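# fold the stuff below for me.
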Amino acid sequence: MIYRSSPFAGLPPVTKNLLIINSLFLLATWVLQSTFGIDLSRYLGLHMPISEHFNIAQFGTYMFMHGGFTHLLFNMFAVFMFGRTLEAYWGSKKFFTYYVITGIGAGVIHLLTSYIDYYNVASLLSAEQIAIVKAQGAQALDEFKNFTNPDMAELNFIINGTTVGASGAVFGILLAFGMLFPNTQLMLLFPPIPIKAKYFVMIYGVAELFAGLRNSPMDNVAHWAHLGGMIFGYILIKYWQKTGK
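Take a look at the predicted model:
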């Protein structure tokens with residue numbers, strides 16, 4: 001008789017459960033959408049507070065939602081690769097605390113920058129056009145529609161667009177790994193060359209900063225959320241180091 005070990009064998013508990021829970025959330029999203037026509041991201045994804053879909057609990061739920069299998073795969077691969085090392089180093093409780101705080105922090109930074117985008121775009125529109133977007137925009141996106149006026153469409157996406165994904169917490173994990181294990185050699189896939197963790201994190205952070213500065217709210221990538229996860233991760237690690245925790 002041959003016994004095969006579970007693919008989760010040897011993983012610390014929080015890392016393992018994060019992989020399972022995020023996968024179950026995506027499965028639930030598919031089932032509810034295909035069976036009942038319910039878009040779970042409308043309820044659990046993060047929205048701006050001025051959107052009719054906003055709920056304060058979304059700061060915690062949005063990081064377990066994903067836009068598709070590829071989105072989930074890349075994020076969970078990073079959790080698998082780096083999260084297990086951090087959990088083994090910190091312990092499960094501390095690692096989970098770090099994951100949640102960086103995820104929430106990423107959402108906060110994303111909303112703050114979204115308000116900047118909102119006021120920039122709103123300045124191009126009349127008060128009447130803004131009122132129309134606020135009154136009709138959410139329903140339009142629910143029906144997979146948007147305004148023909150490009151500025152109104154962009155404003156609507158800013159207000160009522162949905163942010164999902166664990167990327168903010170994942171970037172926090174990358175930052176922590178780079179800070180705690182700076183000289184660990186990582187092997188890039190493209191191109192296949194070795195690089196120290198600290199340089200990998202620096203390059204990623206600078207790339208996200210430039211991407212955020214050039215970002216359009218409609219390009220479907222929350223670059224500032226990624227940076228937010230890194231920022232909150234850096235602050236939390238420094239606080240723990242300072243307080244001896």
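# give me the next element, helix or strand, following the lowest-mean-pLDDT helix or strand in the chain.
Lowest by mean pLDDT, DSSP states H and E among the helices and strands of the chain is helix 197-213, with a mean of 76. Moving toward the C-terminus from helix 197-213, the next helix or strand (DSSP states H and E) is helix 223-243.
# any idea of the mean pLDDT in the host helix or strand of residue 74?
Using DSSP H and E, residue 74 falls within helix 69-78. Averaging pLDDT along helix 69-78 yields 92.
# so which bits of that helix are buried?
71-72, 75-76, 78 (16 or more other CB atoms under 10 Å). Heads up, the C-betas are built off the backbone N, CA and C, glycines and all.
# same thing with stretch 120-129?
Neighbour count says stretch 120-129 has 121-122, 125, 129 buried, by 16+ other CB under 10 Å.
# would you point out the most distant pair within those?
121 and 129 (10.5 Å; CB to CB).
# so what sits against both of these two?
residue 151 (CB atoms under 8 Å, 6 or more residues apart in numbering).
# report how many residues lie close to the closest residue to residue 13 other than its chain neighbours.
Counting by CB to CB, 6 or more residues apart in numbering, residue 92 is the residue found nearest to residue 13 once chain neighbours are left out, at 5.5 Å. Neighbours of residue 92 under the rule other CB atoms under 10 Å: 14.
# so for the longest helix anywhere in the chain, mean pLDDT?
In the chain, with assignment by DSSP state H, the single longest helix is helix 92-122. The pLDDT scores in helix 92-122 average 96.
# do stretch 137-148 as well
According to the model, stretch 137-148 has a mean pLDDT of 91.
# is residue 122 in contact with residue 155, as I believe?
Yes. Here residue 122 reaches residue 155: they are 6.1 Å apart, a contact under CB atoms under 8 Å.
# common neighbours of the two, please.
residue 130.
# list the contacts of the residue nearest the centre of the chain.
Closest residue to the average C-alpha location of the chain: residue 167 at 3.4 Å, with CA atoms, centre = their mean. The contact partners of residue 167, by CB under 8 Å, 6+ apart, come to 75, 106, 222, 225-226, 229.
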